[in-house]
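*Asks:* Pasting the sequence and the predicted coordinates here, then a few questions.
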Amino acid sequence: MRRRLIALAILALGIAGFLLLKYTRPEPVEVKAEERSWRVETQTVRPARHQPELSLYGQLTAPRQVTLSAPVAAVVAERPVQEGEAVRRGQVLLRLADADLQPLLADAEADVADSQAQLTSERVRHRADQAALESEQDIVANAERQLSRIATLVERNLASRDQLEAATDALARARLALVARQQALDDHPSRLQRLQAQLQRANARLSSVQRDLRRSEVVAPFDGRVTNLQVAPGDQVNRYQVLLTVYPDQGLELRARIPQGYRQELAAALAEDTPLQAKAVAGDVRFRLVRFAGQSDPTGTEAIFRLQGGADGLRPGAMVPVILQRPAVTDAVAVPFSALYGNDSVYVVNDQGRMQRIAVTRLGELRQGRSRPWTLIASPELAAGQQLVVTHLPNAVNGLRVDVVKGADS
């Protein structure tokens, strides 16, 4: 009996303790669901006038480059310049040996002298033929009178038939000599013309040889730089063989391929005489767009830029990366690429602190000394003063709540 009472007492104490703990426990705090917000950086929208930029890779060329060749076959006597050396206009670059040139000059002068002698001889012959013509005419007249007398005597039986035939033969010979003399006089103009043409050819050849002799001393046609040396002193060269090349430091051009999407815009700017400048990525070297190449292909058209100022160590054939300043655009906003979603959307923060999607048009890129290029965008929905989100959120959607941590204004 006693054991039952102890068990009941213990049970009663346990129930009393449980009830005490239940009624003295603290009330739980009510949990309310809160919307999450994302921390972003923003940029104040400031539409302005900008010049989009286009990155290009071009090759330097020298359109005024001159290739000098040997005027005659000869031995190279002297070559005082070296590859890549800067030269001044009129400076001697190469000389050919005189021993190979003087015989050519002597031969040409001898041809001229021979032609002049033949021309003088023809004039003397013509004067002699003119003087002999009168004598030939007198001989014919005498032969005709002699034949007439013999014929009269033969009719009177005072002369023989043989004498008449001899007189006839003498007249025929006299007339034949007169015809030959007259023919010589008639041929004089054509012979004179032929000899004069021969003299002209000889003089032309002499002038050509004299010109080649002058060119045997190869000089720089302008201030420039020597390249493509093909010969050395002692080399035997043939006529028209390439000796060396010279290009001017001024007037270098850069040929870069322009994508087809930009060609019409740039061509219109050229037609309006709008200056389009391109600056080398490395160094203070500038170019100006002057024209487009005559042919293009599906990948684009070559644009030709003219170097402005000095070459600054540039050489033809070098590949030069440049940044082309495209025609200016108005009401454009420069933003980092992280602000773009796809190619045509950005987000702004509205008055409720939520993201609002805006469709935009990309107008080009912009560097202006930045380590990474920015992009130019425009949209009628973008207004000055709006806060544009520049932090790229993978889960960005319309109405997403954000907290602006700081501005990223340029």
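*Replies:* Looks like it came in fine.

*Asks:* Model confidence for the residue nearest the centre of the chain, exactly?
*Replies:* The centroid of the chain falls nearest to Pro63 when counting by C-alpha atoms, centre = their mean (5.0 Å). According to the prediction, Pro63 has pLDDT 89.

*Asks:* and it, helix, strand or coil?
*Replies:* Per DSSP: H, G, I helix; E, B strand; the rest coil, the local secondary structure of Pro63 is coil.

*Asks:* Contact partners for the closest residue to it other than its chain neighbours?
*Replies:* Nearest non-adjacent residue to Pro63, counting by C-beta to C-beta, 6 or more residues apart in numbering: Glu253, 5.6 Å away. Every C-beta, even on glycine, is put in place using the N, C-alpha and C of the backbone. Contact analysis of Glu253 by C-beta atoms under 8 Å, 6 or more residues apart in numbering lists 60-63, 290, 304-307.

*Asks:* repeat for Leu314
*Replies:* With C-beta under 8 Å, 6+ apart, Leu314 has these contacts: 60, 252, 285, 307, 320.

*Asks:* Assumed the fourth one was part of a strand.
*Replies:* Read that as Leu307. Yes: the assignment for Leu307 is a strand, going by three-state DSSP.

*Asks:* looking at the sheet around it, what are its partners?
*Replies:* Following DSSP bridges, Leu307 is listed with bridge partners Phe287.

*Asks:* Let me know the distance separating it from Arg255.
*Replies:* Separation of Leu307 from Arg255 (C-beta to C-beta, to the nearest Å) stands at 12 Å.

*Asks:* quick one: which of those two has more around it?
*Replies:* Legend: neighbour count by other C-beta atoms under 10 Å for Leu307 and Arg255, higher for Leu307 (22 against 14).

*Asks:* circling back: now rank the contacts of Leu314 by neighbours and give me the top one.
*Replies:* Of all the contacts of Leu314, Leu252 has the most neighbours under the rule other C-beta under 10 Å, reaching 24 neighbours.

*Asks:* hang on, isn't that one packed against Gln59?
*Replies:* No: using C-beta atoms under 8 Å as the test, Leu252 is too far from Gln59 to be in contact (10.8 Å).

*Asks:* Parallel or antiparallel, which strands does the helix or strand where Arg39 lies pair with?
*Replies:* Per DSSP states H and E, Arg39 falls inside strand 38-44. Sheet pairing of strand 38-44 (DSSP bridges) gives strand 387-389 (antiparallel), strand 402-407 (parallel).

*Asks:* Next SSE downstream of it?
*Replies:* From strand 38-44 onward toward the C-terminus, using DSSP H and E, the following helix or strand is strand 48-50.

*Asks:* list the buried ones in that next one?
*Replies:* Neighbour counts over strand 48-50 (16 or more other C-beta atoms under 10 Å) mark His50 as buried.

*Asks:* Could you tell me which strands sit next to it in the sheet, and their orientation?
*Replies:* Partners of strand 48-50, by DSSP bridges, with direction: strand 329-335 (antiparallel).

*Asks:* which of the residues in the strand it pairs with are buried?
*Replies:* Buried-residue list, strand 329-335, by 16+ other C-beta under 10 Å: 332-335.

*Asks:* Next up, the contacts around the nearest residue to Asp235 once chain neighbours are set aside.
*Replies:* Using C-beta to C-beta, 6+ apart and skipping the chain neighbours, the partner closest in space to Asp235 is Val76 (4.8 Å). By C-beta under 8 Å, 6+ apart, the residues touching Val76 are 94-97, 231-237, 243.

*Asks:* doesn't Val76 fall inside a helix?
*Replies:* No: using three-state DSSP, the assignment for Val76 is strand, not a helix.

*Asks:* ok, back up a step: per-residue pLDDT, the residue nearest to Pro63?
*Replies:* For Glu253, the model assigns a pLDDT of 90.

*Asks:* Which residues does it form beta bridges with?
*Replies:* Thr61, Arg306.

*Asks:* picking that back up, got a ChimeraX select line for the buried ones in the contacts of Val76?
*Replies:* Here is the ChimeraX command that selects only those of the contacts of Val76 that count as buried (16+ other C-beta under 10 Å):
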select :94,95,96,97,231,237,243
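
*Asks:* picking that back up, could you identify which of the strands paired with strand 38-44 is most buried?
*Replies:* Of all the strands paired with strand 38-44, strand 387-389 carries the top mean neighbour count, a mean of 23, counting by mean count of other C-beta atoms under 10 Å.

*Asks:* is it true that Leu229 lies in a helix?
*Replies:* No: counting by three-state DSSP, Leu229 falls outside a helix, being coil.

*Asks:* my guess is it meets Leu244, correct?
*Replies:* Yes: between Leu229 and Leu244 there is a contact under C-beta under 8 Å: 4.9 Å.

*Asks:* and for the two, which residues touch both?
*Replies:* Joint contacts of Leu229 and Leu244 (C-beta under 8 Å, 6+ apart) are Val81.

*Asks:* any idea of the angle the helix or strand Asp186 falls within forms with strand 74-78?
*Replies:* Taking DSSP H and E as the criterion, Asp186 maps to helix 161-215. Comparing the axes of helix 161-215 and strand 74-78 via axes from the mean of the first three to the mean of the last three C-alpha atoms, to 10 degrees yields an angle of 30 degrees.

*Asks:* which other helices and strands contact helix 161-215?
*Replies:* helix 102-155 (3 or more C-beta pairs under 8 Å, 6 or more residues apart in numbering; DSSP states H and E).

*Asks:* could you say what helices and strands the helix it packs on packs with?
*Replies:* Using 3+ C-beta pairs under 8 Å, 6+ apart: helix 102-155 touches helix 161-215.

*Asks:* ok, back up a step: for Leu8, state which of the contacts of Leu314 is nearest.
*Replies:* Val320 (104.1 Å; C-beta to C-beta).

*Asks:* Please report the distance of the closest one from Arg286.
*Replies:* From Val320 to Arg286 the distance is 11 Å (C-beta to C-beta).
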